[in-house]
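Student: fold the following.
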Amino acid sequence: MQVVVALLLIFGTLFILIASIGVLRMPDLYTRMHAATKAGTVGLAALLIAVALSIHDLTVLSRVIGTMVFIVLTAPVAAHLLGKSMQARGYKIWRNRSVDTQSIEQEK
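Tutor: Residues are numbered from 1 along each chain as shown. As a prediction, the model looks like this:
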């Protein structure tokens, strides 16, 4: 069981680190929100599952489940509302993509 808990802690920590780097490195608000919401939620879920597996108590399990449900329900809604409010204020999407648009047009 300790190996599973250790793997979940490492997995969760890596996802939180990826979310943090994504917030720092992404070019605009929309991509930063995506990085923080997706990777942060998965990382936190892995950390909470590791806590639930390492502490064998019903109160800890119920708090972990409650916290996970709260984060899974509120993080996407908060990111969506923030994105909508920024779009309404005129925040522009980052358009400097590194995708080769000529090859995409030739495929059509």
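Student: buried set for the longest helix along the chain?
Tutor: In terms of residue count, the longest helix belonging to the chain (DSSP state H) is helix 58-88. Using 16 or more other Cβ atoms under 10 Å as the test for burial, helix 58-88 gives 64, 68, 71, 75, 79, 83, 86. (Glycine included, C-beta is placed from N, CA and C.)
Student: the third one reaches Thr41, doesn't it?
Tutor: Yes - counting by Cβ atoms under 8 Å, Ile71 does reach Thr41; the two are 5.9 Å apart.
Student: what helices and strands are in contact with the helix or strand where Met33 lies?
Tutor: Using DSSP states H and E, Met33 falls within helix 29-54. Helix 29-54 is packed against helix 2-25, helix 58-88, with contacts defined by 3 or more Cβ pairs under 8 Å, 6 or more residues apart in numbering; DSSP states H and E.
Student: off-centre distance for that helix?
Tutor: Taking Cα atoms, centre = their mean, to the nearest Å, one finds the center of helix 29-54 at 5 Å from the center of the full chain.
Student: residues of that helix that come out buried?
Tutor: Here helix 29-54 shows 29-30, 32-53 as buried, counting by 16+ other Cβ under 10 Å.
Student: likewise for stretch 12-32?
Tutor: Buried, per 16+ other Cβ under 10 Å, within stretch 12-32: 12, 15-16, 18-19, 22-23, 26, 29-30, 32.
Student: specify which member of the residues you listed is nearest to Val4.
Tutor: Gly12 (12.3 Å; Cβ to Cβ).
Student: contacts only, for the closest one.
Tutor: 42-47, 50 (Cβ atoms under 8 Å, 6 or more residues apart in numbering).
Student: ok, Val64 touching Ala50?
Tutor: No - the criterion here is Cβ under 8 Å, and Val64 misses it with Ala50 at 9.5 Å.
Student: in the chain, which residue is closest to the centre?
Tutor: Lys38 (2.3 Å; Cα atoms, centre = their mean).
Student: okay, the helices and strands packed on helix 29-54 in JSON lines with distance to Arg95 and mean pLDDT next?
Tutor: Formatted as JSON lines, the helices and strands packed on helix 29-54 follow (distance: least, Cβ to Cβ, whole Å; pLDDT from 0 to 100):
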{"stretch": "helix 2-25", "distance to Arg95": "18", "mean pLDDT": "94"}
{"stretch": "helix 58-88", "distance to Arg95": "15", "mean pLDDT": "92"}
